[in-house]
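Trainee: For reference, the sequence and a predicted model appear below.
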Amino acid sequence: MTSAAIRLAEVTKTFDGKVVAVDAVTLDIRAGEFFSLLGPSGCGKTTSLRMIAGFEMPDSGRIHVGAEDITDVPVHRRDMGMVFQSYALFPHRTVAENVAFGLRMRGVPKPDIARRVAAALAQVELTGLEDRRPGQLSGGQQQRVALARALVVEPRVLLCDEPLGALDRKLRQLMQFELKELQRRLGVTLVFVTHDQEEALAMSDRIAVMNKGKVDQVGAPTEIYERPRTRFVADFIGEINLLDDAARPRALRPEKVRLVSAGEGRLSGTVETANFLGGATLYRVRAGNRIWLARETHAGERSPRAAGDSIGLAWNDADTIMLEA
């Protein structure tokens, strides 16, 4: 399967002539990478994906896939596969018929359709379920059928609009791993839309964090988490403590805050809540007129702090993150 780079150049999209969904966005997505568009509802990530797919036309700007300007190319000629959150499977058709649909629309000969459908179902580990209908499958199996249908046309680009959102947590984590492994094995360029920070961090080669129609930051997951550039990115990705600084705002991740004895450290406070997270505990500590977050990894048999305990907070200046003013 071939892959292609994608470029959005100053792309803008408004609705009803006044609501700016995407505001002069420029993005470069590398061939063969797993690229996530991440942000809260209404930030423009799904609209950006739909413009790449051809379901929406930009008001201005251009979209390129490889060396081709596809801005005005219709959906069926863009050589892309798409997986939706709802899966959008035909309930009255079998698994094999659902997967074959795109090939039939392209006029592929029947013998080739049968071979390619069998190969696509093998890729997603659904061999033997060809004659079942979507209603006879689990949520994870339906998601795999939707993936096979998108991949069977051998697209240069695979677009995924929150495809794991309808799954329960354990199955979602399993499918995250499987989708990432499948993308890596096939080498297809995959653009993934999600509002789930953990999902984006776990799966992506790079992430674009969007806010109010603009891209706040693009980078690898470690860069986005450890070196957020703006207050929005720092606050949106995981838990954060924002430090008041007249010269320049700073941020501090909870795992960089050490819990020490009362009267020690930089601040003294009282534990308000202690949320057990399995391998760690997240504490909310009131110090003065604000709440601080501290995450402590469990080690040994020491009992965790409890609500009402007096405590001190300490951290190193080198662990603080400088943010744009």
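Mentor: Perfect, thanks for sending it.

Trainee: okay, CA-based contacts and neighbour counts for the rest of this
Mentor: Noted.

Trainee: center of the chain - which residue?
Mentor: residue 200 (3.3 Å; Cα atoms, centre = their mean).

Trainee: so that one is in which element?
Mentor: In this structure, residue 200 is located in helix 197-203 according to DSSP states H and E.

Trainee: Just give the nearest non-adjacent residue to the residue nearest to the centre of the chain, would you?
Mentor: Leaving out its chain neighbours, the residue that sits closest to residue 200 by Cα to Cα, 6 or more residues apart in numbering is residue 36, at 6.2 Å.

Trainee: Contact partners for that neighbour?
Mentor: 191-194, 200, 204, 206-208 (Cα atoms under 8 Å, 6 or more residues apart in numbering).

Trainee: Can you say which of these are buried?
Mentor: 191-194, 200, 204, 206-208 (16 or more other Cα atoms under 10 Å).

Trainee: Looking at these, spot the one nearest residue 284.
Mentor: residue 200 (25.4 Å; Cα to Cα).

Trainee: Thought residue 38 was touching that closest one, still the case?
Mentor: Yes: assessed by Cα atoms under 8 Å, residue 200 is found in contact with residue 38 at 7.0 Å.

Trainee: so what sits against both of the two?
Mentor: By Cα under 8 Å, 6+ apart, the residues touching both residue 200 and residue 38 are 194, 207.

Trainee: Which of the helices or strands spans residue 273?
Mentor: Judged by DSSP H and E, residue 273 forms part of strand 267-276.

Trainee: So what touches that strand?
Mentor: 262, 281-288, 305-314.

Trainee: can I have it written out in CSV, keeping just the CAs?
Mentor: Provided in CSV are the C-alpha atoms of strand 267-276 (Å, rounded to 0.1, in the frame of the first residue of the first chain):
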residue,chain,number,x,y,z
LEU,A,267,4.3,25.4,50.2
SER,A,268,2.3,23.9,53.0
GLY,A,269,-1.2,22.7,52.5
THR,A,270,-3.9,20.2,53.3
VAL,A,271,-4.9,17.2,51.2
GLU,A,272,-8.5,17.7,50.0
THR,A,273,-8.9,14.5,47.9
ALA,A,274,-6.7,11.5,47.1
ASN,A,275,-7.8,9.7,43.9
PHE,A,276,-6.4,6.2,43.6
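
Trainee: and that strand, how far out from the chain's middle?
Mentor: 31 Å (Cα atoms, centre = their mean, to the nearest Å).

Trainee: Provide the strand pairings for that strand, with the direction of each partner.
Mentor: Strands that pair with strand 267-276, judged by DSSP bridges, come out as strand 280-287 (antiparallel), strand 310-314 (antiparallel).

Trainee: So which residues make contact with the shortest one?
Mentor: Read it as strand 310-314. With contact meaning Cα under 8 Å, 6+ apart, strand 310-314 is reached by 257-271.

Trainee: show me the contacts for residue 233.
Mentor: Per Cα under 8 Å, 6+ apart, neighbours of residue 233: 209, 216-217, 224.

Trainee: who wins for most neighbours among the residues you listed?
Mentor: Tallying neighbours with other Cα atoms under 10 Å puts residue 209 at the head of the contacts of residue 233, with 26 neighbours.

Trainee: how about the nearest residue to that one, chain neighbours excluded?
Mentor: residue 38 (4.9 Å).

Trainee: I'd say the one you found and residue 46 touch.
Mentor: No: with contacts counted by Cα under 8 Å, residue 38 stays clear of residue 46, the gap being 9.4 Å.

Trainee: neighbour count winner among the two?
Mentor: residue 38 (27 against 22).

Trainee: In contact with residue 4: list those residues for me.
Mentor: 30-32, 65-66, 156-157, 188-189.

Trainee: Please apply the same query to residue 206.
Mentor: 33-36, 218-221.

Trainee: same thing with residue 84?
Mentor: 146, 160-163.

Trainee: Looking at the residues you listed, which one is closest to residue 136?
Mentor: Taking the contacts of residue 84 together and measuring to residue 136 by Cα to Cα, the closest member is residue 146, at 14.5 Å.

Trainee: tell me the mean pLDDT for stretch 189-200?
Mentor: The average pLDDT within stretch 189-200 is 94.

Trainee: how far is it from where the chain is centred?
Mentor: With Cα atoms, centre = their mean, you get 1 Å for stretch 189-200.

Trainee: now what about it, what contacts it?
Mentor: So stretch 189-200 is contacted by 3-5, 30-41, 45-46, 49, 156-162, 176, 183, 207, 221, 236-238 (Cα under 8 Å, 6+ apart).

Trainee: Just the buried ones out of the contacts of strand 267-276, please.
Mentor: Judged by 16+ other Cα under 10 Å, buried ones among the contacts of strand 267-276: 281-287, 305, 310-314.

Trainee: one step back: doesn't the residue nearest to residue 200 fall inside a strand?
Mentor: Yes: under DSSP: H, G, I helix; E, B strand; the rest coil, residue 36 falls within a strand.

Trainee: Out of the contacts of residue 233, which two sit at the greatest distance?
Mentor: 216 and 224 (10.4 Å).
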